[in-house]
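In: sequence-free structure coming up:
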């Protein structure tokens, strides 16, 4: 989510002052005033990000410190110490307030022939990290197995906030079902509010990938609340890497605990860990701050999707084909429902109650209502 767009929209919607929003979110007031002026002159396009790259750099910091980088490298090597870019950065930082970054130092060493690039080693800096701009902008959830000392195994559902790494919920169950995920969502929302989006893998308790578009109970609940459901691609756990990493930290804690023999005792330890993790443990991924401090520092995102109640109807997601229609199987027979060529390629939702069908766009706008005629393959527009 673009933080500038969010703050300008918040100012226009609530009337909250620019200076107050800038102070709360630790951004420059002049930048927000500039965005507001662009919005009034250009509309929505005025809020699009613009390049801040300077036209020229007459005095690059790497040029200023290049000789010191090389001299420090030689001194460390002669003394038998580690002489990598990170170590050089540390030594330079002790004598100067502003020094080149680790990656810049590495490039200087490479240019001088001190290091040889190893393409088979992927540097950490090459990984692209995706972090939500606001608390409650995105929650990540996943289920993991926890084995106790006596050999019994329980399933633990963990939910964390993508922006702050806050542990929203950690619940132990004999077996996690879709209804359990819904229950945990509402319980967590009572304390933290509902998120704007929800990111999970493609497990059956979360996703409808294996149901040929027929939404599961959890996806129906998210859609009815206006929460965007997002899923990682199959066999790519890195997309949900924050909650996957949380699993490891949680399990390391549990291994050190003794006397956990029942689900109740396990839940007690999970609650203890979550309280410590949220309020006392500095997190490296958020600048050595605690998750609760980062979570409370900014205004919270809220669901922005359409709130459309399913009212007990089946929910099915589909895509309008190139002929402007979608398909639905009724009593073993496939029917084509016309929507219109202007909507080809649109993602839509079908609310199905027997032969009564309501079709809406994912933003909630109505597209068509009809009573299916089972004698016709193609349901024409009225």
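Out: That came through fine. This structure is a prediction, so every number in the text was calculated from the model and none was measured. Residues are numbered from 1 along each chain as shown.
In: ok so residue 183 is a strand residue?
Out: No - secondary structure of residue 183 (DSSP: H, G, I helix; E, B strand; the rest coil): helix, not part of a strand.
In: Tell me how far it lies from residue 217.
Out: 11 Å (Cβ to Cβ, to the nearest Å). In short, each C-beta sits where N, CA and C put it, glycine included.
In: repeat for residue 308
Out: Look at residue 308 and residue 217: by Cβ to Cβ, they are 16 Å apart.
In: the more surrounded of the two?
Out: residue 308 (20 against 15; other Cβ atoms under 10 Å).
In: ok, and the more buried one, which helix or strand is that part of?
Out: Residue 308 is part of no helix or strand, with elements assigned from DSSP states H and E.
In: Hmm, it is touching residue 361, no?
Out: No - with contact defined as Cβ atoms under 8 Å, residue 308 does not reach residue 361; the gap is 10.1 Å.
In: who touches both of the two?
Out: residue 349 (Cβ atoms under 8 Å, 6 or more residues apart in numbering).
In: correct me, but residue 169 touches residue 181?
Out: No - with contact defined as Cβ under 8 Å, residue 169 does not count as touching residue 181 (9.9 Å).
In: Please say which of those two ends up with more neighbours.
Out: A direct count of neighbours by other Cβ under 10 Å for residue 169 and residue 181 places residue 181 higher, at 25 against 20.
In: can you pull the contacts of the more buried one?
Out: By Cβ under 8 Å, 6+ apart, the neighbours of residue 181 are 141, 157, 205, 206, 218.
In: Tell me how many other residues crowd the second one.
Out: It refers to residue 157. A total of 19 residues lie near residue 157 under the criterion other Cβ under 10 Å.
In: What pairs with the host helix or strand of it, parallel or antiparallel?
Out: Using DSSP H and E, the element containing residue 157 is strand 153-161. According to DSSP bridges, strand 153-161 forms sheet pairs with strand 139-147 (antiparallel), strand 167-173 (antiparallel).
In: For residue 197, which of those is the nearest?
Out: Evaluated over the strands paired with strand 153-161, closeness to residue 197 peaks at strand 139-147, with 7.5 Å, by Cβ to Cβ.
In: got a list of contacts for the closest one?
Out: 153-162, 168, 172, 176, 181, 195, 197-201, 203, 205-206, 240, 242-244, 247, 251, 254, 266.
In: Which per-residue confidence value corresponds to residue 70?
Out: Looking at residue 70, its pLDDT stands at 88.
In: Nearest residue to it in space, please, no chain neighbours.
Out: residue 112 (6.0 Å; Cβ to Cβ, 6 or more residues apart in numbering).
In: In this structure residue 197 contacts residue 229, no?
Out: Yes - here residue 197 reaches residue 229: they are 7.5 Å apart, a contact under Cβ under 8 Å.
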